[in-house]
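Provided below for reference: sequence and predicted model.
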Amino acid sequence: MIDDLEFALAFERLDEGAPEEKACFGLFGIRFRESELLGGVDHYSNAYRAGPMVSGYHVAEWLAWNWWRLLSEPRTSATDWWRAHNMTAIGEGYAWPNLTIYSDGVRTVLHSRASKRADAKPFRYLGAQPVILPSTHFESAIDDFVGRILARLRETGIIESNLTKVWSEVLAERKDPATAKRRKLEALLGRDPDAFEGRDLEKLIQDARQLGESAVEELAAESGQSNRIYTSETIKDLASRLGQDASPRSVARLHSVGDLKPSGDIPAWVLGSRAARRLREQERLGDGRITDKTLSRLAGLSDQAIDRTDCAPISFVLEDGQDRGKIVFRARVKDGRRFEAARLLGDRLTVGGQDRLRAATRAYTYRQRMQRAFAAEFLSPFESVEAFLNGDYSDEAQEEAAKHFGVSPRAILTLLVNHGRLERDELEAEVASAA
């Protein structure tokens, strides 16, 4: 099994239920290397088990139906997001684990939480540390599990089932490039297959030809977060009304970018931070605060762009050739606009490509994570922040550091979490509170 991730099912006898349910009943577990993600205590035997007694058919059906969203849709604050990402949504009368699965498009997270009640029945889940792995490995684990469930159905004489139909459709969609692009956009928008109403989806597909495919995917992910569709007309209108002049040709370039390509084996923040340190070294900027003038020069902006207060619901750069472009900010305050300018600079350095549009959104895609990490490290280098704090990681000290470097307190918090000075739970709690 790739990277040792396995959806396991040890078959047991079930006397009642639908044929598919009975055929695939057993002890269900998810293993990652030496860890059991679904381990817990059986209430009746008062003994530890690697997972609950459930029907694997329902698991496979849920994985197949939500395949595109599990592999493409990042975490959002949408109220119904959990139905496609948390196993408790499976239902069917079983006590499913509080296991949440989501992806940033490159890496997948499996987070199994313990049961809230100490006397949970019939199975008390103990929870496990979050698992993060390349999305390609997670995809292979799903393929393997669904394949084994279908084989079990055939062995027991069940040739046709809803799972057979849904999985066949998924496999066909994955093989067809045009359909795969459509399904991915639907997932990024927070929609099930063919559940999108209106012509906005078709418009986004068309927009990809002029704005760039990856750029439109980032817009779709932002739409899934904010429940607002951004088409090329919307972007052009915002650029015309609220944009500041930008010069794509003047944006700084790194001499070496070979080790900055997205990888499922490397967290996005590592690449973003690496690019930021490299740019500081290349431009001989030292380790102090970056002035507005220096930031504007490196980002290809006028000296007045960061000082202006025009703002829009989304931040982006829209290019019109090498010499002309418009930058639009979402933040009203200067520190926020500095951070957005740095994010868009980081996007140019780490992503490259010929897309006309580069957006800095609120989505949690790999690309947006790289941007945020670049901006945080570039504007407030970790070693300098560490020296400034001098071991004091209190909220008050973080706020002082934020003022000193001209960033938000959240940028400082993110740096401290990424570098292991604070627990990630503190950042997750802050994100949840903001949502």
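Looks like it arrived, so ask away.

measure the closest residue in space to Thr156 that isn't next to it in sequence to Ile158 for me?
Using C-beta to C-beta, 6 or more residues apart in numbering and skipping the chain neighbours, the partner closest in space to Thr156 is Ala23 (4.2 Å). Where C-beta positions appear, they are placed from N, C-alpha and C, glycine not excepted. Counting by C-beta to C-beta, to the nearest Å, the separation of Ala23 from Ile158 is 6 Å.

the two - which one has more neighbours?
Ala23 (23 against 19; other C-beta atoms under 10 Å).

the more buried one: what's it in contact with?
57, 152-153, 156, 158 (C-beta atoms under 8 Å, 6 or more residues apart in numbering).

spatially, which two of these are the most separated?
For the contacts of Ala23, the maximum inter-member distance is 10.8 Å, found between Tyr57 and Thr156 (C-beta to C-beta).

compare these two (neighbour count), which wins?
Tyr57 (27 against 14).

how near is the residue nearest to Thr156 to Glu155?
Using C-beta to C-beta, we find Ala23 at a distance of 8 Å from Glu155.

quick one, longest helix in the chain?
helix 135-155 (DSSP state H).

just the CA atoms of that one, as CSV, please.
In CSV, the C-alpha atoms belonging to helix 135-155 read as follows (Å, rounded to 0.1, in the frame of the first residue of the first chain):
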residue,chain,number,x,y,z
SER,A,135,-3.3,13.3,-2.3
THR,A,136,-2.2,10.8,-4.9
HIS,A,137,-1.6,8.3,-2.1
PHE,A,138,-5.0,8.9,-0.6
GLU,A,139,-6.5,8.4,-4.0
SER,A,140,-4.8,5.1,-4.4
ALA,A,141,-6.1,3.9,-1.0
ILE,A,142,-9.7,4.8,-2.1
ASP,A,143,-9.2,2.9,-5.4
ASP,A,144,-7.9,-0.1,-3.5
PHE,A,145,-10.7,-0.2,-1.0
VAL,A,146,-13.6,0.4,-3.4
GLY,A,147,-12.1,-2.3,-5.7
ARG,A,148,-12.1,-4.8,-2.8
ILE,A,149,-15.7,-4.0,-1.9
LEU,A,150,-16.8,-4.5,-5.5
ALA,A,151,-14.9,-7.8,-5.6
ARG,A,152,-16.6,-8.9,-2.4
LEU,A,153,-20.0,-8.1,-4.0
ARG,A,154,-19.2,-10.2,-7.1
GLU,A,155,-18.1,-13.1,-4.9
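
what's next to the very next helix or strand once past it, contact-wise?
The first helix or strand that comes after helix 135-155 along the chain, using DSSP states H and E, is helix 162-175. Outside helix 162-175, the residues within contact range by C-beta under 8 Å, 6+ apart are 20, 57, 60-61, 64-65, 67-68, 146, 149-150, 153, 179-180, 183, 193.

one more: stretch 370-382?
262, 268-273, 275-277, 279-280, 287, 289-290, 295, 338-340, 342-347, 349-351, 360, 401-402, 405-407, 411-412, 414-415, 418-419.

can you show me the strands along the chain?
5-11, 25-32, 35-36, 40-42, 47-49, 53-55, 98-103, 107-113, 123-125, 131-134, 244-246, 315-319, 325-328, 357-360 (DSSP state E).

let's have the ones you listed in CSV, adding distance to Glu213.
Converted to CSV, these look like this (distance: least, C-beta to C-beta, whole Å):
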stretch, distance to Glu213
strand 5-11, 29
strand 25-32, 32
strand 35-36, 37
strand 40-42, 43
strand 47-49, 46
strand 53-55, 39
strand 98-103, 18
strand 107-113, 20
strand 123-125, 40
strand 131-134, 21
strand 244-246, 22
strand 315-319, 16
strand 325-328, 19
strand 357-360, 11
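
tell me the domain ranges of this structure?
2-172, 198-379 (automatic domain parsing).

of all the ones you listed, which one is nearest Glu386?
Using C-beta to C-beta, the nearest of those to Glu386 is domain 198-379, at 10.7 Å.

ok, residues contacting stretch 277-285?
So stretch 277-285 is contacted by 252, 254-256, 286-287, 294, 298, 349, 377-378, 381 (C-beta under 8 Å, 6+ apart).

buried ones only from these, please, as a PyMOL command.
Listed next is the PyMOL selection for buried residues among these, using 16 or more other C-beta atoms under 10 Å:
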select buried, resi 254+298+349+377+378+381
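
picking up where we left off before, closest to Glu423 out of the domains of the chain?
Once the domains of the chain are compared by C-beta to C-beta, domain 2-172 is nearest, at 11.9 Å.

in contact with Ala195, which residues?
Glu186.

quick check, pLDDT for the closest residue to Arg83 other than its chain neighbours.
Among residues not flanking Arg83 along the chain, Ala89 sits closest, at 4.4 Å (C-beta to C-beta, 6+ apart). For Ala89, the model assigns a pLDDT of 97.

since we're on Ala89, how many residues are nearby?
Ala89, neighbours per other C-beta under 10 Å, totals 13.

please apply the same query to Glu139.
17.

how near is the residue most central in space within the chain to Trp67?
Closest to where the C-alpha atoms of the chain average out (C-alpha atoms, centre = their mean) is Asp104, at 2.5 Å. For Asp104, the distance to Trp67 equals 17 Å [C-beta to C-beta].
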